[in-house]
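Student: Return atomic coordinates for the entry below.
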Amino acid sequence: MSGLVGNPRTIAKFAKGLQGLSTRAAMRIAAKAAPVITDAAQASFAARTDPYGQPWREGVDGKPVDLQETGKLRAGLAFYAVGRRIVAKLGTKYAKFQVGKRRVLPPGGRPLPLAWSQQLADIANAEIRAEVEAARG
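Tutor: The predicted structure follows:
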């Protein structure tokens, strides 16, 4: 059985950094970052690559694997904001059993892909600038 692997804890490191900000700013950043992470994970899934651009391994029959038999697994892959936190949603009962062979999320201990990091930094920087400007009055 093929599946998804990765560790949302690398994304949790980004979310943890939001704890030093005001609650409002951190919540805005998390809310804006969640769909960006979802789009990046969905793009990785659609391209049949891991977040770093490496193709998924072929199936046992030597053919490419797309994990698209019903489409529910990919459709259920999403991130959403809960306060300051960014939470992964897999969306299907069997998704947790699919984890094992196909990376769509960065694994724990590895940095986020550069493109992901840059997008998240841009979001955070824009919100922090807005908060500083608002504080100036």
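
Student: Which helix runs longest in the chain?
Tutor: Assignment by DSSP state H gives helix 23-47 as the longest helix of the chain.

Student: what distance separates that helix from the centre of its chain?
Tutor: Computed by Cα atoms, centre = their mean, to the nearest Å, the chain-centroid distance of helix 23-47 equals 6 Å.

Student: and what of stretch 128-137?
Tutor: 28 Å.

Student: Now the residue nearest in space to the middle of the chain. Nearest residue, chain neighbours left out?
Tutor: In the chain, the residue lying closest to the centroid (Cα atoms, centre = their mean) is residue 37, at 3.8 Å. With sequence-adjacent residues excluded and distances taken as Cβ to Cβ, 6 or more residues apart in numbering, residue 37 is closest to residue 79, at 4.5 Å. In this view, the C-beta of every residue, glycine as well, is placed from N, C-alpha and C.

Student: The one you found bridge partners, please.
Tutor: residue 88 (DSSP bridges).

Student: neighbours of it, just the number please.
Tutor: 22 (other Cβ atoms under 10 Å).

Student: Same question for residue 92.
Tutor: Counted with other Cβ under 10 Å, residue 92 comes out at 15.

Student: Pretty sure the residue nearest to residue 37 sits against residue 86.
Tutor: Yes. Counting by Cβ atoms under 8 Å, residue 79 touches residue 86, with 5.5 Å between them.
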